[in-house]
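>>> Here is a sequence together with a model predicted from it:
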Amino acid sequence: MARKSGVSFYQSKNGYYTHIGGKTMRLADGPRSPTQYTLACKKFKDISSKTVSSGVKKVTTGYPLIYVVQVVPDLHPGRIKIGQTTNIHKRLQQYKALSPTCVVLKTWACSEESLITLEKQGMNLLLESDAIGLGGEVFDCKNVNEVIQSLDRLFV
């Protein structure tokens, strides 16, 4: 059975799960079967086509967003990427092709006009903190939660 990006079966939990906004969500109960996998994929599609977590509020796709992605949370939890998009789900699919375990940690809605400016301000804030720029929009930071809080204050 082919595996859909974003849907995983965990034997120890006897169910299908996904990770959205840094949180684990149960999509379907076990046992591992084509029927349950299909249900999990349908639920994943429904969830990912509607909203993505942004702290307390939900942000619908199609609007300009600044986002932070944890690039390889299983190997380097402090490695993040800051970016901008109008379709976070499509962007996440692109990242998952290279890093299947990546997760969106946070998104901030903004105007189309301020998108690039805010992204640059976010990158500058990271460079002024303890983050180490690895090239482009990718950074290694010691404390991801502190980075998110700093970006929250910047993007208010």
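The structure has been received and is ready for your questions. Bear in mind that the values here come from a model prediction, so they are computed numbers and not experimental data.

>>> gap between stretch 67-75 and the chain center?
Centroid separation between stretch 67-75 and its chain, computed with C-alpha atoms, centre = their mean, to the nearest Å, is 7 Å.

>>> Pull that stretch out as CSV, backbone CA atoms only.
Below are the C-alpha coordinates for stretch 67-75, written out as CSV (Å, rounded to 0.1, in the frame of the first residue of the first chain):
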residue,chain,number,x,y,z
TYR,A,67,5.4,30.6,8.1
VAL,A,68,8.0,28.7,10.1
VAL,A,69,8.7,25.1,9.3
GLN,A,70,10.7,22.7,11.4
VAL,A,71,12.7,21.2,8.6
VAL,A,72,13.9,17.9,10.1
PRO,A,73,12.4,17.7,13.6
ASP,A,74,13.5,14.1,14.2
LEU,A,75,17.2,14.9,13.5
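
>>> how about that stretch: buried residues?
67-73 (16 or more other C-beta atoms under 10 Å). Where you see a C-beta, it was placed from the backbone N, CA and C, and this is true even at glycine.

>>> can you list the domain ranges for this structure.
8-51, 58-154 (automatic domain parsing).

>>> mean pLDDT lowest for which of the ones you listed?
Of all the domains of the chain, domain 8-51 carries the lowest average pLDDT, namely a mean of 74.

>>> tell me which residues in the lengthiest strand in the chain are buried?
Longest strand in the chain, counting residues (DSSP state E): strand 76-85. For strand 76-85, burial by neighbour count (16+ other C-beta under 10 Å) applies to 78-85.
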